[in-house]
Structure formats: C-alpha cells, structure tokens
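Asks: Mind folding the following:
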Amino acid sequence: MTGINLGLDATFEFAVAFESQSMEEVIVTATAIDSAEVAIGPSSSFTYDDLQNTPSFNRDLRDIIKLDPRIYIDEGFVDAIQCIGANPRFNSLTIDGVR
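Replies: Predicted coordinates:
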C-alpha cells in the first residue's frame with residue numbers, strides 16, 4: 001500500500017489478509033517527508049508535550065507562547081503579543097499552519 005499521507009496525531013486503519021499462517025515477521029517501513037521552513041524571521045514551535053505539561057489558566061495560548069523569551073504579553077494593550085519588541089500588527093501566530 002502506498003500514497004498514505006497522515007497529519008499530526010492522525011491514524012489510518014486497514015485490513016490485511018495474509019496467505020500463510022506461518023509468517024514469522026512483518027516489516028513496516030516509512031519515510032519522513034521533506035518539509036519546508038515557512039516562517040520568515042524568528043519563530044518558535046511547541047510540542048504536544050509542551051502543550052500538555054505547561055501550567056495554563058483557562059487554557060490560554062498566551063501562557064504557552066510566553067515561554068519563548070522573545071515574547072512579551074502587553075497587558076496594557078489588550079494582551080497584545082509582542083515579538084522582539086515589534087508592534088503586534090507585524091506578528092503572525094499560526095497553529096498547525098493555520099492563522
């Protein structure tokens with residue numbers, strides 16, 4: 001079976017029928033696809049473990065992203081997210097590539 005592409009945390013089920021009952025091993029192979037860096041400038045990535053193990057009040061994303069020392073949450077400007085001192089209008093926040 002070829003051509004199966006799965007995203008993060010995705011599963012794929014399929015039925016297999018073997019011709020012989022005396023099979024000793026089954027070998028499954030896979031390769032990672034080449035990924036392109038889409039962020040221009042500074043960026044951060046947080047793993048599933050980061051998201052699960054970081055204390056957060058009300059499941060607020062700001063609690064996670066402020067782990068990056070380049071991030072400042074400006075509470076005086078409606079909790080605006082500043083990256084390296086830039087105006088919040090110039091920042092882009094994506095989750096799994098979606099704005």
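Asks: Surely Ile81 forms part of a strand?
Replies: Yes: using DSSP: H, G, I helix; E, B strand; the rest coil, the assignment for Ile81 is a strand.
Asks: so what's it bridging to?
Replies: Following DSSP bridges, Ile81 is listed with bridge partners Ile73.
Asks: And for it, the neighbour number?
Replies: 17 (other C-beta atoms under 10 Å). (C-beta placed from N, C-alpha, C; glycine too.)
Asks: ok, it - contacts?
Replies: Counting by C-beta atoms under 8 Å, 6 or more residues apart in numbering, Ile81 makes contact with Arg62, Ile65, Ile71, Tyr72, Ile73, Asp74, Pro88, Asn91, Leu93.
Asks: and if we set it to 7 Å?
Replies: The neighbours of Ile81, taking C-beta atoms under 7 Å, 6 or more residues apart in numbering as the test, are Arg62, Ile65, Ile71, Ile73, Pro88, Asn91, Leu93.
Asks: Not counting its neighbours along the chain, what's nearest the third one?
Replies: Translated: Ile71. Ile65 (5.3 Å; C-beta to C-beta, 6 or more residues apart in numbering).
Asks: And the pLDDT at Ala39?
Replies: According to the prediction, Ala39 has pLDDT 59.
Asks: low-confidence ranges in the protein?
Replies: 1, 33-41, 97, 99 (pLDDT under 70).
Asks: how about the helices in it?
Replies: 48-53, 61-65 (DSSP state H).
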